[in-house]
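**Q** I need the structure of the sequence given here:
(one chain, ligands or ions: 2)
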Amino acid sequence: MSEPRVPGGAGIGVAGIAAAGTGPARLGERLLRLLPGTDPAEEERKKELIRTHLGDCRRIAVISLKGGVGKTTTTLALGAVLASVRRDRVLAVDANPDAGTLGRRVRRDNTATIRHLLSELPRVSSYMDVRRFTSLARGGLEVLANDPNPAVSTALDETGYRRVLEALRRQYPLVLTDSGTGLTHSAMQGVLGLADQLIVVATPSVDGADSAADTLEHVAARGHAALVERSVAVVTGVRSTTRPVRLDPIIAYFEARCRAVRLVPHDEHLAAGGEFDPRRLARRTRAAFLDLAAAVAEDFSVPAPLPRTNPMAHAWDVATGATSG
Ligand SMILES: Nc1ncnc2c1ncn2[C@@H]1O[C@H](COP(=O)(O)OP(=O)(O)O)[C@@H](O)[C@H]1O
Ligand SMILES: [Mg+2]
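**A** Residues are numbered from 1 along each chain as shown. Ligands and ions are numbered 1, 2, ... in the order given. The predicted model follows:
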């Protein structure tokens, strides 16, 4: 694992900052800023922000080099709050080439997967055509699952992903993509190349944050530095027993590297890993996801980062006659 660098720092990783320690006076201050309150006026302001009109389809990619950190869960819960507050179509796509679990966390309307949609694309034009391949989860989020068999799901490549996303663009103002762990996988090139915004997920531990930091450095090195600067970091599964002294250096790192960082508490409903139901989240978890959605939506009024930094994106647009990414 490469040593992540903190901008403006002395080339030390998250672990290095943790070892150095930080002043206790700053801890409470920073944590207070990050944990959302439940003031109704403040929540209404966040909802207004989330309802920002989107002129063209926005694509949000949820990433992390490490498995089991909460990408799929964050995609579902963030997607659910975006869908229920915006009340327009929000879709979560499983682009994990390694048998993604997004489809297992919702009640399925059908057994279709992204592979089926891809093979039917020539006959898909209206929303009703697309809807045959998606499932409507509780809370209003639509989900496009991947194949549970890794031998099949791994076949989704960059071209396939781009073709599906281009077809979805006309039907959904907002598409979230849940990803796998391999940054070099072909589909991942498409995920990063088409993303308007990245969400990097980490667990509240030094090694968890280090691997999220590694993810950001690798993504930046692959020509997506602007996306990293606009990214939102999510530290999820924070327990009331998690010591601030452990969290503070992690938060400091992401504050320096990303546009925003948000914490999500450990939640028993999420820990169970079964069918996701937003109504079963604890109140503070719901407040945390509303706050995360508002942080994501702060980017909605900013024009999409064109031209795409991935040269493949342009080549594909030209080849397919698409006007913009
Ligand atoms: N905030 C949270 N509180 C409790 N458990 C969580 C939380 N976020 C994720 N989990 C649990 O952690 C496990 C891994 O999460 P998952 O989203 O599948 O990770 P990934 O997609 O990164 O592999 C799952 O059992 C999930 O339910
Ligand atoms: Mg996952």
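**Q** Surely Ala233 is within a helix?
**A** No: read with DSSP: H, G, I helix; E, B strand; the rest coil, Ala233 is strand and lies in no helix.
**Q** Give me the nearest residue to it, chain neighbours excluded.
**A** If you skip the residues right next to it in sequence, Ala233 has Phe254 as its closest partner in space, 3.8 Å away by Cβ to Cβ, 6 or more residues apart in numbering. For the C-beta atoms, the positions are set from N, CA and C on the backbone; glycine is no exception.
**Q** and that neighbour, what does it touch?
**A** By Cβ atoms under 8 Å, 6 or more residues apart in numbering, the contact set of Phe254 is 200, 202, 209, 212, 233, 235, 261.
**Q** So which of these sit within helices?
**A** Judged by DSSP state H, helices contain the following of the contacts of Phe254: 209, 212.
**Q** Which helix or which strand is home to Asp98?
**A** Per DSSP states H and E: Asp98 is located in neither a helix nor a strand.
**Q** how close does the closest residue to ligand 2 within the chain sit to Gly103?
**A** Closest to ligand 2 within the chain is Thr72: 3.3 Å, counting by Cβ to the ion. The spacing between Thr72 and Gly103, counted by Cβ to Cβ, to the nearest Å, is 10 Å.
**Q** Show me whatever sits in contact with both of the two.
**A** Jointly contacting Thr72 and Gly103 under the rule Cβ under 8 Å, 6+ apart are Asp94.
**Q** Count the residues that sit near Glu42.
**A** By the measure other Cβ atoms under 10 Å, the count of residues near Glu42 is 15.
**Q** Check the one 5 residues further on too.
**A** Using other Cβ under 10 Å, the number of residues around Lys47 comes to 17.
**Q** list the contacts for it?
**A** Contact partners of Lys47, counting by Cβ under 8 Å, 6+ apart, are 85, 290, 294.
**Q** Does it belong to a helix, a strand or coil?
**A** Assignment for Lys47 (three-state DSSP): helix.
**Q** same question, Val69
**A** Counting by three-state DSSP, the backbone at Val69 sits in coil.
**Q** when you give positions from now on, start the count at 44
**A** New numbering, starting at 44: the last item is Val112.
**Q** these two touch, right, it and Ala252?
**A** No: judged on Cβ atoms under 8 Å, Val112 makes no contact with Ala252 at a distance of 10.0 Å.
**Q** if I've got this straight, Arg102 is in a strand?
**A** Yes: secondary structure of Arg102 (three-state DSSP): part of a strand.
**Q** Look at it and report its pLDDT.
**A** On the pLDDT scale, Arg102 is placed at 98.
**Q** so how many other residues sit close to it?
**A** 23.
**Q** Any part of stretch 299-318 near ligand 1?
**A** Yes: for stretch 299-318, a contact with ligand 1 is found by Cβ under 6 Å from any ligand atom, at 307, 309-310, 313-314, 316.
**Q** What is the nearest of those to Arg151?
**A** Gly316 (16.3 Å; Cβ to Cβ).
**Q** can you pull the contacts of the closest one?
**A** Per Cβ under 8 Å, 6+ apart, neighbours of Gly316: Arg148.
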